[in-house]
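Trainee: got a predicted structure plus its sequence, pasted below:
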Amino acid sequence: MPHRKLIARLRTVAGLSERDQAKLESMPHSIKVLADGEYVVRQGDRPLSCTVVMKGLVSRQRVVADRNQITSFYVPGDMPDLHTLHLPLVDHDLCSVGTSTIAAVPHSYLKYILADSAALTHAFWRETLIQAAIYREWVENLGSRQALPRLAHLVCEIAARLEIVGLLDDDRFHVPFTQQDVADACGLSVVHVNRMIQELRRRKLIEWEDQTIELRDRDQLEALADFRPSYLLR
């Protein structure tokens, strides 16, 4: 069911009454399994539903000056296009990273429950503000940090966001990233990304095998990245 991780996520930012939780649990929805690289929405679309990420990862991206730029990753429980309730024209692509499962919830139902519940309106508004804070952090990460702390910050953020919804297992987590995905998110070349991963391994801060990342020294990794998770739980 699409509500499980979403409710876990919303509980971190606002209290939910049993009545409000029931509204989320009974959301009408259609489920779709996406292959790697398959689009959720495309730039220029006017969707009539919002997406809930159920499994896997989704990226927000756009081609800028002939280069693909990823500007956010979305984890289970996230609603990456919640803003389309009020800004209907999509100005970017949402794309599956690896295989993912999503649920589409009609705008009409979301507008109904938000009009009926001030608490849910508050929770979704806070969630939108947190997504904006994440976006600002990404801008600062790309603009101000050197390559190694930039990559370290991305790893720390994904780990923290997965931890919030119970998907960090003993400082290990699964990510279907290719090095090209990481390069597109960090504004680096694939060669540079490979070197930075090897450097993090050399420092014994992470282990990255296939699609599993282990945080071997989380405190030192967060110190290198200057990572402060408070922006994820404002």
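Mentor: That came through, no problem.
Trainee: now do the same contact list for the closest residue to Arg62 other than its chain neighbours.
Mentor: In space, Arg62 comes closest to His92 once its chain neighbours are excluded; the distance is 4.6 Å by CB to CB, 6 or more residues apart in numbering. C-beta: built from backbone N, CA, C; applies to glycine. Neighbour list for His92: 43, 60-62, 71 [criterion: CB atoms under 8 Å, 6 or more residues apart in numbering].
Trainee: now, which of these lie within strands?
Mentor: 60-62, 71 (DSSP state E).
Trainee: please pick the buried ones from the residues you listed.
Mentor: Neighbour-count burial within the ones in strands among the contacts of His92 applies to 60-61, 71; the criterion is 16 or more other CB atoms under 10 Å.
Trainee: now, which of those residues sits nearest Gln146?
Mentor: Within the set of these, Thr71 lies nearest Gln146; the separation is 19.6 Å, counting by CB to CB.
Trainee: got a list of what that closest one touches?
Mentor: Contacts of Thr71 were listed using CB under 8 Å, 6+ apart, and they are 60-62, 92, 135, 138, 185.
Trainee: would you list those in a markdown table and tack on distance to Thr128 and pLDDT?
Mentor: A markdown table is the format used below for the contacts of Thr71 (distance: CB to CB, whole Å; pLDDT from 0 to 100):
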| residue | distance to Thr128 | pLDDT |
| --- | --- | --- |
| Arg60 | 14 | 97 |
| Gln61 | 20 | 96 |
| Arg62 | 20 | 94 |
| His92 | 16 | 95 |
| Tyr135 | 11 | 94 |
| Trp138 | 16 | 95 |
| Ala185 | 21 | 96 |
